[in-house]
Every structure is written in structure tokens, then in C-alpha cells.
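Peer 1: Got a sequence here, can you model it:
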Amino acid sequence: GDYLFLTKLLGVGILSTAQKRGLLKDEHLPMMIEQMTTLNKMGEELGKIKGVTAMTDVTGFGLLGHLIEIAEGSGLSAEIYYDKLPIAAGVKEYIAQRIFPDATTRNWNAYSHKVKFEKARPDDPVGRGVNVMEAFTLLPDPQTNGGLLVSVKEEAFEEVKKVSGEMIVLIGKMITANEKRVWVK
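Peer 2: Here you go, the predicted structure:
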């Protein structure tokens, strides 16, 4: 029942790959640089809250890899709400062009068997389910200085919000262990 939060936008690996290929639009560069140079100082304060049960930075294994580590370490599974994920501007556009880091594929191949998609559609332009082609690229995207992934007991929710302000987004919750470690809804 613990809530799952993220403290930064997803997709920095995709943006930096677009930059390396000379395809990053000028309007996406400032946000990418800001996110990659902003420290996760909030982690120190969050770590002092008794109801914070797990915390890690989302880096080279992407959101899915780090969430699977938390789920396996706790003996639980997790569900994430794809439509609630904070995604950097432009990322979906670059995904549509098949621009992503090489490590994304390695990440996906390493742990895809631990992930299940509900209401999955190969292409979902009207938003009635998870666009799995997009999710296959975004969720295992290796982040450089990604945000914190934080698991929080319900009773500590308000204290976490007070510490984090607007810099934290609810993306899912921990659930009883089942045949998959992460359910994407």
C-alpha cells in the first residue's frame, strides 16, 4: 500500500541521445541541462521521515530497473500509472522518431519478463491504454542524474509533500507480490 513518488521528469536519456545526434530542439536543451545539474538534495530530508520505506535515484537502469529492485528487495510487486508519469517535454516526439540510448534496449531485455502491461495497445493515439511502444522506450530509459524514486507509507504522505513541495509526483503504489514485479496500468 505504500505510495510511489518521483522527484524529476523522465526522459533525460532520450533527450541527451537526441543532443548527441544533433537532433535536440533548442527549446528542450535548457530543461535537460537543469535536470542533469540539479542535485537530489531533497533525499536527505526525505530519508529522515519515518514513513519513507525505500528510496533510490533513477539512473542507468531506468525507472523500471530501479523499481524492480525495490519490489524484489521488499518481497512485493508494484503498480505504476503510466498516465501519471512526469515526462520531459519533447520526449514522446523523440521516441516516435526512434531516438533513444543503446542501453535502453539492454535494460528492457534484462527485465522485461518481470513487467506486465494492463490495457496495452501497440499504438494508442486516443489514450485508452498504455502505448507499449512508447513505454518500452521510456520506462527503461537510463537517466543521468535522474530523480528519486520514493516509497512512502500512507500516514507519511503529508509530511513528504511538505518536504518536497511541488517537486514530487505520485506514480503508483506497492502491492502484494504476484507473478510480475511491476504492473503498468
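Peer 1: Met42: neighbour count?
Peer 2: 21 (other C-beta atoms under 10 Å). In this view, the C-beta of every residue, glycine as well, is placed from N, C-alpha and C.
Peer 1: how far away is it from Asp57?
Peer 2: Per C-beta to C-beta, to the nearest Å, Met42 is found 11 Å from Asp57.
Peer 1: just Gly165 next, same as before
Peer 2: The gap separating Gly165 from Asp57 is 19 Å, by C-beta to C-beta.
Peer 1: Looking at the two, which has the bigger crowd around it?
Peer 2: Asp57 (16 against 8).
Peer 1: contacting residues around that one?
Peer 2: By C-beta atoms under 8 Å, 6 or more residues apart in numbering, the contact list for Asp57 reads Asn40, Gly43, His66, Asn145, Gly146, Gly147, Leu148, Leu149.
Peer 1: is it in a bridge, and if so with what?
Peer 2: Assessed by DSSP bridges, Asp57 has beta-bridge partners Leu148.
Peer 1: quick one, longest helix in the chain?
Peer 2: The residue-count maximum for a helix in the chain (DSSP state H) belongs to helix 62-74.
Peer 1: From the contact counts, what lies against that helix?
Peer 2: Applying 3 or more C-beta pairs under 8 Å, 6 or more residues apart in numbering; DSSP states H and E, one finds that helix 62-74 contacts strand 52-57, strand 77-80, helix 102-111, strand 148-152, strand 169-175, strand 182-184.
Peer 1: winner for burial among the ones you listed?
Peer 2: strand 148-152 (a mean of 24; mean count of other C-beta atoms under 10 Å).
Peer 1: list the helices and strands that strand packs on?
Peer 2: Strand 148-152 is packed against strand 3-6, helix 42-46, strand 52-57, helix 62-74, with contacts defined by 3+ C-beta pairs under 8 Å, 6+ apart.
Peer 1: what do you get if the cut-off is 6 Å, keeping everything else the same?
Peer 2: Secondary-structure packing of strand 148-152 (3 or more C-beta pairs under 6 Å, 6 or more residues apart in numbering; DSSP states H and E): strand 3-6, strand 52-57.
Peer 1: Alright, that wraps it up for me.
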